[in-house]
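S.K.: Quick one: sequence and predicted model below, then my questions.
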Protein chains: 4
Amino acid sequence: MLTGLESFQVQVEVPVQWGDMDAAGHVNNVIYLRWCESARITYFEKIDIDLSFRDGVGPILGWQDCKYIFPMTYPDRALIGIKVEEIREDRFLMLAHIYSQKHERLAIISKQAIVPYDYGQLAKAPIPENWLTNIKAVEGWA
Amino acid sequence: MLTGLESFQVQVEVPVQWGDMDAAGHVNNVIYLRWCESARITYFEKIDIDLSFRDGVGPILGWQDCKYIFPMTYPDRALIGIKVEEIREDRFLMLAHIYSQKHERLAIISKQAIVPYDYGQLAKAPIPENWLTNIKAVEGWA
Amino acid sequence: MLTGLESFQVQVEVPVQWGDMDAAGHVNNVIYLRWCESARITYFEKIDIDLSFRDGVGPILGWQDCKYIFPMTYPDRALIGIKVEEIREDRFLMLAHIYSQKHERLAIISKQAIVPYDYGQLAKAPIPENWLTNIKAVEGWA
Amino acid sequence: MLTGLESFQVQVEVPVQWGDMDAAGHVNNVIYLRWCESARITYFEKIDIDLSFRDGVGPILGWQDCKYIFPMTYPDRALIGIKVEEIREDRFLMLAHIYSQKHERLAIISKQAIVPYDYGQLAKAPIPENWLTNIKAVEGWA
């Protein structure tokens, strides 16, 4: 495993597609956030979050950022690690790292704030207990 | 109106975004089909097709093609015309032209076959009468 | 003009395409950043930045964030305002607001850090003088 | 290997990303053509085609179609096989199949016409001899 990914319990690997590059000849800035989304969804599945987005409490992306460090190009493989870093009253914060497999280098760092939303009540909701339990289990928190 | 678009009763205009270009420096081939989809959906709305994709009879894209004639680049505006050309028993055929506004040139020609699908029965369906009536009204068929 | 956009000297308008929505039925989170990119490129053109990404000094997106406030859906039009907020030694900071035209509501707020890069020297570069002059002219700074 | 893919000497595998789905809850129609592009580029690399799109003779997508057979959803993996089917004087024709790994079913069939283009002369070009030689080698034609 690539150095730097060991601390991530949830990892996803996506091949860079030629069409992911833009006219500047690099992977376009939004593609990295698409990959983060893929890792985030995988994490949500691991902690058994309902992803129907119709009833019950589901996740909403409230905020994200992305620090661009190393520009990836085709061909390569994106190695994405994602974790929960912090839990607040109405949200939890995730951290994602994306590495270039070919260059063995960190390409971007992204943070994301996830807000629970009650699709039945159409209102923000407190973080469900089973989300907390499962996050702690995945992250190995005591 | 651009010569060539007069015969299209339904038209959509979309600005080329810089990020629509790929590493070859032209609008990527899939973007033109995204624009055709936007025109198709506008047409569906005009003929009052249900776009919930959950219950009742909705449209499925069964087939499409695209002939690439003139490569567009940023900055430009895509002018898309779309029409129904032919109605068959289980489908209807659409024709779309996309023009470069800047160059006043035809960029692509796409044909598309639309198949009615009953999302309740999970099976193909005959073309609903109101679709036929509305298509004839839009196209001005006697 | 929509209240809130008056303070932006550079504005871009993009129609929401049906295909911009994801399986949750809202405009996908990366689409807003694609629209910010379109506004950013328009700004770069206004201040006469070289966008060849081959020689000379060009812009690199070093960091961006996005606060998601109101979920947009098709059909709608995205109204994007963008400005330079702050100039630092090796970068300048931009602010973008995206409004839903249909709902007359602020949908997202994004900040972006732009770093000058010398494509000839393959190294970071100081902000070129003409960038500074042109930014001041666009923003109306004394 | 999935039955149906044996006849393809060039194969590419791409994970379905959640964000590849549209508001109808299926992989969007343009995504399959993005995957075909990825397979096509892999083929071009195998036959040593110059992909700089600046000088010399490069490939242009002149036409493509896509027959949609089985709608894919997240999570799944797309298995793409691609081959050259026919060589004509000024173009060659490719065939691509995409299978759903999870359902072991054929999802789409796409044909594509590739036209050689001389980026130095800015004109169509005959198919270079080394392309023909390498296609024959890849396809195992006598």
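M.R.: Structure received.
S.K.: And the closest residue to residue A:84 other than its chain neighbours, its phi and psi?
M.R.: Excluding the flanking residues, the one nearest residue A:84 by CB to CB, 6 or more residues apart in numbering or on different chains is residue A:135, at 5.0 Å. To be clear about C-beta, it is placed using only N, CA and C from the backbone, and glycine gets the same treatment. Main-chain dihedrals, residue A:135, degrees, to the nearest 10: phi -60, psi -50.
S.K.: In contact with residue A:135, which residues?
M.R.: Residues counted as contacts of residue A:135 (CB atoms under 8 Å, 6 or more residues apart in numbering or on different chains) are A:47, A:84, A:87, A:92, A:141.
S.K.: what do you get for residue A:5?
M.R.: A:11, A:79, A:81, A:97, A:99.
S.K.: Can you tell me the SS state at it?
M.R.: coil (DSSP: H, G, I helix; E, B strand; the rest coil).
S.K.: before we move on, what about residue A:19?
M.R.: helix.
S.K.: which one among the contacts of residue A:135 gets closest to residue B:63?
M.R.: residue A:47 (40.3 Å; CB to CB).
S.K.: Now the closest one: closest residue in space, sequence neighbours ignored.
M.R.: residue A:134 (3.6 Å).
S.K.: pretty sure that neighbour contacts residue A:43?
M.R.: No: with contact defined as CB atoms under 8 Å, residue A:134 does not count as touching residue A:43 (9.9 Å).
S.K.: end-to-end on stretch A:13-33?
M.R.: End-to-end distance for stretch A:13-33, by CA to CA, to the nearest Å: 14 Å.
S.K.: I misspoke; the intended subject was stretch A:84-92.
M.R.: End to end - CA to CA - stretch A:84-92 spans 7 Å.
S.K.: List the buried residues in that stretch.
M.R.: Under the neighbour-count criterion of 16 or more other CB atoms under 10 Å in any protein chain shown, stretch A:84-92 has A:84, A:87, A:91-92 buried.
S.K.: ok, then the element right after the helix of greatest length in chain A?
M.R.: Longest helix in chain A, counting residues (DSSP state H): helix A:29-46. Where DSSP states H and E defines the elements, the next helix or strand beyond helix A:29-46 is strand A:57-68.
S.K.: and that next one, C-alpha only, in CSV?
M.R.: Extracted C-alpha coordinates of strand A:57-68, given in CSV (Å, rounded to 0.1, in the frame of the first residue of the first chain):
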residue,chain,number,x,y,z
VAL,A,57,-32.5,10.7,7.2
GLY,A,58,-29.8,10.9,4.5
PRO,A,59,-26.5,12.8,4.1
ILE,A,60,-26.1,16.2,2.4
LEU,A,61,-22.8,17.6,1.4
GLY,A,62,-22.8,21.0,3.2
TRP,A,63,-19.3,22.1,2.3
GLN,A,64,-16.1,20.9,0.8
ASP,A,65,-12.7,22.2,-0.1
CYS,A,66,-9.8,20.9,-2.2
LYS,A,67,-6.2,21.7,-2.1
TYR,A,68,-4.5,20.9,-5.4
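S.K.: the bottom helix or strand of chain A by mean pLDDT?
M.R.: One helix or strand of chain A scores below all others by mean pLDDT, DSSP states H and E: strand A:123-124, with a mean of 92.
S.K.: quick revisit: show me which of the contacts of residue A:135 is closest to chain D.
M.R.: residue A:47 (15.2 Å; CB to the nearest CB).
S.K.: Quick check, that closest one in contact with residue A:131.
M.R.: Yes: with contact defined as CB under 8 Å, residue A:47 counts as touching residue A:131 (6.0 Å).
S.K.: Which other helices and strands does the longest strand along chain A contact?
M.R.: In terms of residue count, the longest strand belonging to chain A (DSSP state E) is strand A:105-118. Here strand A:105-118 touches helix A:29-46, strand A:57-68, strand A:92-100, strand A:123-124, going by 3 or more CB pairs under 8 Å, 6 or more residues apart in numbering or on different chains; DSSP states H and E.
S.K.: Distance to chain C for the ones you listed - can I get that in JSON lines?
M.R.: Below are the helices and strands packed on strand A:105-118 laid out as JSON lines (distance: least, CB to the nearest CB, whole Å):
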{"stretch": "helix A:29-46", "distance to chain C": "4"}
{"stretch": "strand A:57-68", "distance to chain C": "3"}
{"stretch": "strand A:92-100", "distance to chain C": "13"}
{"stretch": "strand A:123-124", "distance to chain C": "13"}
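S.K.: right, so of the ones you listed, which gets closest to residue D:74?
M.R.: helix A:29-46 (7.5 Å).
S.K.: where in chain A is pLDDT low?
M.R.: Low-confidence segments of chain A (pLDDT under 70): A:1.
S.K.: Give me every residue in it that's in contact range of chain D.
M.R.: A:12-15, A:17-19, A:34-35, A:37-38, A:41, A:45, A:74-75 (CB under 8 Å from any CB of the partner chain).
S.K.: number of nearby residues for residue A:99?
M.R.: 25 (other CB atoms under 10 Å in any protein chain shown).
S.K.: Can you name the residues that contact residue A:86?
M.R.: A:92-93.
S.K.: Measure how buried residue A:50 is and give me the count.
M.R.: By other CB under 10 Å, the residues close to residue A:50 number 15.
S.K.: what about residue A:74, distance to chain C?
M.R.: 16 Å (CB to the nearest CB, to the nearest Å).
S.K.: Spatially central residue for chain A, please.
M.R.: residue A:40 (3.4 Å; CA atoms, centre = their mean).
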